[in-house]
Structures are given as structure tokens and as C-alpha cells.
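Engineer: Any chance you can model this:
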Amino acid sequence: MKYWLLLLLLLASPVTWGQGISLQRMQAQLQAHPQQDTGRVNRLNLLAFEQRSSAPRESKATFEEALRLAKRLGYTFGRAKAELGLGFYYRKRNEHGPAQRYTERARQGFAQVHDSLNHLACVYNLAYIYFGQGNYAQALSHAQQGLSLAEKLNNPHWLVLMNAQLGIISTQLGEYVKAEFYLLHCRQLSAQHNNQSGVSQSLRGLGDLYRTQGKWHTARQYYEQDAALASRLGDVPGHLVEEFNIADMYERQGHYPEAFTVGYRALAQLRKLDVIGYLPGRS
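Structural biologist: A predicted model of the protein is given here:
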């Protein structure tokens with residue numbers, strides 16, 4: 001079990017990797033705007049966000065450049081966006097200290113400009129930071145705050161993310177009935193709004209839920225569904241996460257040849273990716 005979990009901690013979050021054209025366009029837009037103004041800050045933040053999965057180290061450097069310029073200009077919104085981006089970067093690297101500091105600063109900045117949607121993004125990130133620290137009470141409290149705000153804003157994207165997050169946290173707390181409710185609701189909302197990334201999160205969350213309960217066969221079925229979806233979406237790291245999960249389930253069931261075949265195949269793909277240190281499964 002620990003072996004597979006360690007491998008999972010080396011993979012990226014499940015974001016579709018068909019970003020090349022968009023990334024090139026944003027880089028061209030940035031190069032065409034050398035002026036040191038708020039417009040450049042906005043372009044830097046957009047580029048950094050686009051780089052977050054395919055080039056995480058470059059994403060960090062771009063967010064840092066945006067932050068320096070925003071501070072120099074006194075541009076609160078741009079500064080907060082860069083700080084939130086860095087908060088996500090460090091959280092995905094399991095570096096909770098800087099992740100929390102940047103996210104808290106971002107939350108303060110968004111409060112100053114009365115930006116409820118980005119405030120919600122901060123609450124979401126903080127919930128996963130507390131979750132990673134093992135502070136499940138704070139994680140649950142922030143996730144519940146986030147869901148309430150998503151419902152108030154009636155934002156389908158964040159309703160999907162907050163239900164997925166509450167399902168994950170509830171699974172860890174052993175509240176399996178609540179976890180299943182949140183994850184199935186996440187799946188329903190995702191299908192309703194054609195949010196394939198949300199469907200993926202719900203499938204993986206349900207796999208984790210049944211895995212935690214020792215229901216290896218059911219867990220493997222959910223992981224296999226998500227692996228197929230990730231493959232269709234071109235989500236390479238997301239597919240690899242599920243390959244390792246599937247291998248783990250085969251091992252749990254005593255199907256060692258299958259576990260070796262799937263695990264070895266995933267390891268071969270992993271060596272081709274420059275995403276070491278990133279956490280899987282949570283946007």
C-alpha cells in the first residue's frame with residue numbers, strides 16, 4: 001500500500017494536457033505587451049495558470065514575476081491572483097507552510113476588492129492544505145464554507161469542486177454515507193453541465209471511498225472508468241494515477257501478474273514526465 005501511495009505522490013494533478021496551442025498563444029500575447037502595467041500582470045497570471053500542469057516550475061516563476069510587478073504597481077487584484085497561484089503550486093507540492101501563507105494573503109486581497117469567486121478559490125485551497133496537514137476539522141469547516149458560498153453564487157463549476165472536496169474529506173473522516181452522497185452529487189452535477197473533469201474527480205473519489213472500505217473490486221471498477229475517461233481527455237498524469245490505483249487493487253485481490261503488468265506500464269510512462277513532486281487528484 002505505501003509503495004503505491006508514494007508513487008501517486010510523484011504524479012501531477014489531473015488536468016487535460018491538450019494545452020499547447022493555448023499556451024503558445026498566451027506566450028505570444030505576453031511578448032507583444034512589454035509594458036510594465038496591470039495588463040502585463042494579468043497576462044502573466046493567465047500564462048502561469050496555463051503552465052500549471054505541463055510546466056509547473058515555469059508556472060511558479062511566472063506567478064512570481066506577476067507578483068513582483070503587481071506589488072510595484074500597487075495592483076491588489078493582480079497581486080492576489082499571483083499569490084493564489086503560488087498557494088496552489090506549493091499545496092500541490094505538499095509544502096503546506098508557504099501554501100497557507102500565500103493563500104491567506106490572497107484571500108485578504110480578494111476581500112479588499114470584494115471578489116467572492118476568487119475568495120471561494122482561496123477557501124477551497126485552504127481546505128486541502130488543512131487536509132494535507134491532517135487537520136480534518138479545519139478542512140471540513142473550510143469545505144463547508146466553500147459549498148455554502150458556491151450555492152450562494154450558484155456557480156456550477158465550484159459546486160462540482162466543493163462536493164468532490166467534501167466527499168474526499170468525508171471519506172477520510174470515515175463518514176462513508178456522507179462521502180457517497182457528495183461524490184454522487186458531484187457526478188450528477190458534472191454530467192448535467194458536461195464537466196468531464198468533475199466526472200473524473202467523482203469517479204476517482206468513489207474509487208477511493210470503496211478502497212478505504214476494503215471493497216477492492218468495486219474500487220477497481222471506478223478507477224478503470226476514470227482511467228478510460230482520462231485517456232479520452234488526453235489527461236496523461238490523471239491516467240497514470242489510475243493505472244497505479246488499478247495495479248494496487250489487483251495486488252489487493254491477489255492478482256499479482258496483472259498488478260505487475262499495469263504497474264510496470266505506468267512506471268515506464270512516468271519516467272517520461274517532468275512533474276515530479278506534484279500531488280495527484282485535486283485541482
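Engineer: quick one: low-confidence parts of this structure?
Structural biologist: In the predicted model, the chain carries pLDDT under 70 at residues 1-21, 273-283.
Engineer: which residue of it sits farthest from its center?
Structural biologist: Going by Cα atoms, centre = their mean, the residue of the chain most distant from its centre is residue 35, 32.4 Å out.
Engineer: how about it, secondary structure?
Structural biologist: Three-state assignment for residue 35 (DSSP: H, G, I helix; E, B strand; the rest coil): coil.
Engineer: And it, how far from residue 154?
Structural biologist: According to Cβ to Cβ, to the nearest Å, residue 35 stands 37 Å off from residue 154. Every C-beta, even on glycine, is put in place using the N, C-alpha and C of the backbone.
Engineer: just residue 52 next, same as before
Structural biologist: Separation of residue 52 from residue 154 (Cβ to Cβ): 26 Å.
Engineer: Please say which of those two ends up with more neighbours.
Structural biologist: Set residue 52 next to residue 154 and count neighbours by other Cβ atoms under 10 Å: residue 52 wins out with 23 against 8.
Engineer: isn't the more buried one right next to residue 89, touching?
Structural biologist: Yes - under the criterion of Cβ atoms under 8 Å, residue 52 is in contact with residue 89, at a separation of 7.2 Å.
Engineer: shared neighbours of these two, anything?
Structural biologist: Common neighbours of residue 52 and residue 89, using Cβ atoms under 8 Å, 6 or more residues apart in numbering, are residue 59.
Engineer: hmm, back to that, phi, psi of the residue farthest from the centre of the chain?
Structural biologist: When quoted as degrees, to the nearest 10, the phi and psi of residue 35 stand at phi -60, psi 140.
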